[in-house]
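>>> sharing a model that was predicted from the sequence below.
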Amino acid sequence: MSSTTSSVRRPARAEAKKTPTNAEADRLKATEEALRAAQATIARQEKREAELRRLVVSHGIAQDATEANPAVEAKVGALKAVHEQKVRALMRSINQLQEQIQGLKAQEKEHRRSALIQDLRTQQREQDLLIDVLKQTLQEKVSEFQDSRALVNDFVLKKSAGGPMRFRPKTREELENELQALGQNFQRTVEKFKQDSQRNAAPKEEKPHDSDKGDEDEMTEEKNATNQNVAADEALYEELEQLRAQLASKSVTIHAQAEEMAEVYAELDKLTVVEDQIVRKKHKIALLREQLERQQADNVELVQEKEELAEKYLQLQEETQFLRDITMEDAGAKDEERLQQLELIQMLHSRELELQDELERQQKKWATDRDTVHQRLRLLLKEKKIAEEEVDRGATELTNLQKRNDVLQQEIHGLKVAAREEQDQTLLLSSRIEELDATVLQLEALSQEERENSARATAEKVAALEKLVEEKAMAVKKADRQLNAAKLLARQAKKEKENLSLRVSKLEADLAGRT
């Protein structure tokens with residue numbers, strides 16, 4: 001059942017993780033579509049301007065007629081200025097949208113990496129939980145383990161732990177079993193001590209006190225019994241002291257591990273605080289993205305308004321052309337209609353200027369909102385870079401420890417070679433001494449004077465060889481000391497390397513899960 005539930009949960013989690021990437025892809029598509037729409041509107045307006053210029057050239061409107069109507073000239077100039085401002089605003093919005101597209105693409109890549117790391121973390125947690133559940137079921141359901149956690153731990157150690165003890169540290173299961181065994185031994189010794197004390201106290205109370213002789217016999221018997229009990233108690237006390245020493249050593253190791261666990265939990269608390277900050281910043285980013293989406297929708301509305309204004313501009317140009325034709329045909333008549341039309345044109349012009357002012361205000365407001373959003377995003381990116389730099393520092397420390405370990409191993413190898421050379425030289429010296437002993441035996445067969453001369457020479461040689469042997473022995477001892485020191489340094493470096501690698505992996509996993 002647990003496997004089926006885990007298999008059902010994983011695709012749901014995968015779908016939940018895919019949703020932010022899909023949302024970002026939709027945002028990218030929306031921004032690209034807005035960009036294309038803005039570029040299309042700019043192209044349309046440029047085409048309309050070109051067509052209007054062609055119409056003006058084809059109709060051949062006289063410059064004198066335009067000079068005769070200064071209101072028309074002012075209106076046309078104002079419309080051109082409005083058009084140029086709108087084109088500039090659209091170009092700025094296009095550039096900003098392109099920058100947003102690049103930022104969203106970079107964020108999409110980072111989200112994919114963080115999703116993979118988060119998936120690995122969830123898989124590891126599920127495996128740990130599954131191991132605990134399997135141990136509990138083995139303890140409760142299987143009759144071979146007799147409802148004891150120690151037998152389950154032994155079974156797990158046989159199946160999982162490989163290699164002798166000197167090449168690997170003790171696991172959690174082994175430490176639990178040792179602690180349980182020490183507790184049982186301590187309880188047994190305490191019970192034995194209590195039983196012996198009760199046995200010694202019982203016969204003293206039951207003996208009668210009738211005569212003095214009986215008292216003396218009782219005193220002697222009590223002394224003998226006390227001596228025997230003292231000897232037994234001393235043996236029990238020795239066993240109890242040994243057990244207490246073992247229990248103290250185990251408690252020291254457990255306290256050390258508890259301190260390490262406390263440090264790890266403190267680091268986890270710090271990381272949870274950082275995680276909460278990152279979650280808050282993610283909420284802020286989501287709000288800023290919603291503001292950006294609103295601004296994009298407002299930009300689309302502005303583009304639509306611009307198109308409507310362009311259509312009005314064309315209508316006004318047609319009206320001005322119509323007025324010019326009328327002025328060319330009937331110069332002396334219909335002054336009142338001209339005045340009404342001019343008043344209407346002025347009203348439209350004032351209305352257009354008011355709309356332009358409102359549009360500029362909204363653009364300024366949107367520009368300030370965009371600046372604030374970009375500043376917040378920059379601050380968040382800086383904080384993310386600082387966290388990544390901390391991870392890189394941990395990685396550099398780990399590489400330095402690896403280099404130090406390699407150097408120590410090379411030194412150990414060199415010391416081993418030197419010790420072997422010293423041993424070879426000692427063997428050569430021993431063979432030389434044996435040869436000298438053989439020569440001494442040969443010289444004993446010679447005359448007394450020759451013996452004395454040869455004895456002096458051999459004594460000098462033997463003394464020199466003994467000095468060499470002592471020097472070589474001292475060198476071998478020094479090499480052994482250096483080799484032991486190098487081994488200790490290598491072990492310390494290895495432990496530091498393992499601790500740093502664990503911390504770096506934890507930090508990387510936590511940072512990846514928060515991003």
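Arrived safely. Numbers count the residues shown, from 1 in each chain.

>>> next, name the residue at the spatial heart of the chain.
By CA atoms, centre = their mean, the chain has its centre lying nearest to Glu508, at 1.5 Å.

>>> ok now stretch 234-253, how far from the chain's centre?
43 Å (CA atoms, centre = their mean, to the nearest Å).

>>> dihedrals phi and psi, Val142?
phi -80, psi 130 (degrees, to the nearest 10).

>>> what about it, neighbour count?
13 (other CB atoms under 10 Å). C-betas here are computed from N, CA, C, even on glycine.

>>> still on that earlier bit, name the element the residue nearest to the centre of the chain belongs to?
Using DSSP states H and E, the element containing Glu508 is helix 448-514.

>>> run through the stretch 1-150 of the chain and note the low-pLDDT ranges.
1-25, 27-28, 31-32, 34-35, 38, 45, 49, 52-53, 55-72 (pLDDT under 70).

>>> if we use 80, what do you get?
Scanning the stretch 1-150 of the chain for pLDDT under 80 picks out the ranges 1-84, 86-87, 89-91, 93-95, 97-98, 100-115, 128, 131, 146-147, 149.

>>> all the strands of it, residue numbers only.
With DSSP state E, counting those that start in this stretch as the criterion, the stretch 1-150 of the chain has no strands.

>>> which parts of it are helices?
2-59, 63-68, 70-141, 149-160 (DSSP state H, counting those that start in this stretch).

>>> quick one, the third one and helix 149-160 angle?
Yep, that's helix 70-141 we're talking about. Calculated by axes from the mean of the first three to the mean of the last three CA atoms, to 10 degrees, helix 70-141 forms an angle of 110 degrees with helix 149-160.

>>> how near is Gln375 to Leu175?
53 Å (CB to CB, to the nearest Å).

>>> more neighbours: those two, which one.
Between Gln375 and Leu175, Leu175 has the larger neighbour count (other CB under 10 Å), namely 16 against 10.

>>> dump the residue contacts of the more buried one.
Lys250, Thr253, Ile254, Gln257 (CB atoms under 8 Å, 6 or more residues apart in numbering).

>>> for the host helix or strand of it, what is the distance to the chain centroid?
With elements taken from DSSP H and E, the one containing Leu175 is helix 172-206. Helix 172-206 has its C-alpha centroid displaced from the chain centroid by 49 Å (CA atoms, centre = their mean).

>>> in it, what counts as buried?
The neighbour-count check on helix 172-206 (16 or more other CB atoms under 10 Å) flags Glu173, Leu175, Asn177, Glu178, Leu182, Asn185, Phe186, Thr189, Phe193, Asn200 as buried.

>>> who's in contact with the first one?
Just to be clear, that refers to Glu173. Asn153, Asp154, Val156, Leu157.

>>> rerun that using 6 Å as the cut-off
Asn153, Val156, Leu157 (CB atoms under 6 Å, 6 or more residues apart in numbering).

>>> who wins on neighbours among these?
Asn153 (21 neighbours).

>>> before we move on, the earlier item: most neighbours out of the contacts of Leu175, which is it?
The residue in these with the most neighbours, by other CB under 10 Å, is Lys250 (16 neighbours).

>>> local confidence estimate at it?
Looking at Lys250, its pLDDT stands at 74.

>>> what are the phi and psi values at Asp147?
Here Asp147 shows phi and psi, under degrees, to the nearest 10, equal to phi 60, psi 40.

>>> mind checking how far it is from Gln425?
Taken as CB to CB, the span from Asp147 to Gln425 is 64 Å.

>>> so which of those two has more stuff around it?
Legend: neighbour count by other CB under 10 Å for Asp147 and Gln425, higher for Gln425 (16 against 11).

>>> which residues touch the residue lying closest to the more buried one once chain neighbours are set aside?
Using CB to CB, 6 or more residues apart in numbering and skipping the chain neighbours, the partner closest in space to Gln425 is Lys472 (5.6 Å). Shown in contact with Lys472 (CB under 6 Å, 6+ apart): Glu422, Gln425, Thr426.

>>> got JSON lines for these, with secondary structure too?
Formatted as JSON lines, the contacts of Lys472 follow (DSSP: H, G, I helix; E, B strand; the rest coil):
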{"residue": "Glu422", "secondary structure": "helix"}
{"residue": "Gln425", "secondary structure": "helix"}
{"residue": "Thr426", "secondary structure": "helix"}
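
>>> next, format those as JSON lines and append pLDDT and distance to Leu359.
As requested, those are exported to JSON lines (pLDDT from 0 to 100; distance: CB to CB, whole Å):
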{"residue": "Glu422", "pLDDT": "70", "distance to Leu359": "94"}
{"residue": "Gln425", "pLDDT": "73", "distance to Leu359": "98"}
{"residue": "Thr426", "pLDDT": "71", "distance to Leu359": "100"}
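
>>> what's the angle from the lengthiest helix in the chain to helix 172-206?
If you go by DSSP state H, the chain has its longest helix at helix 212-329. If you take the same axes, to 10 degrees, helix 212-329 sits at 150 degrees to helix 172-206.

>>> helices or strands next to helix 212-329 in the packing?
Under the contact definition 3 or more CB pairs under 6 Å, 6 or more residues apart in numbering; DSSP states H and E, helix 212-329 sits against helix 2-59, helix 70-141, helix 172-206, helix 335-444, helix 448-514.

>>> and of those, who's closest to Ala297?
Nearest of the helices and strands packed on helix 212-329 to Ala297, taken as CB to CB: helix 2-59 at 8.8 Å.

>>> where does Arg172 land on pLDDT?
At Arg172, pLDDT is 68.

>>> ok, now Glu275?
The predicted local confidence for Glu275 is 77.
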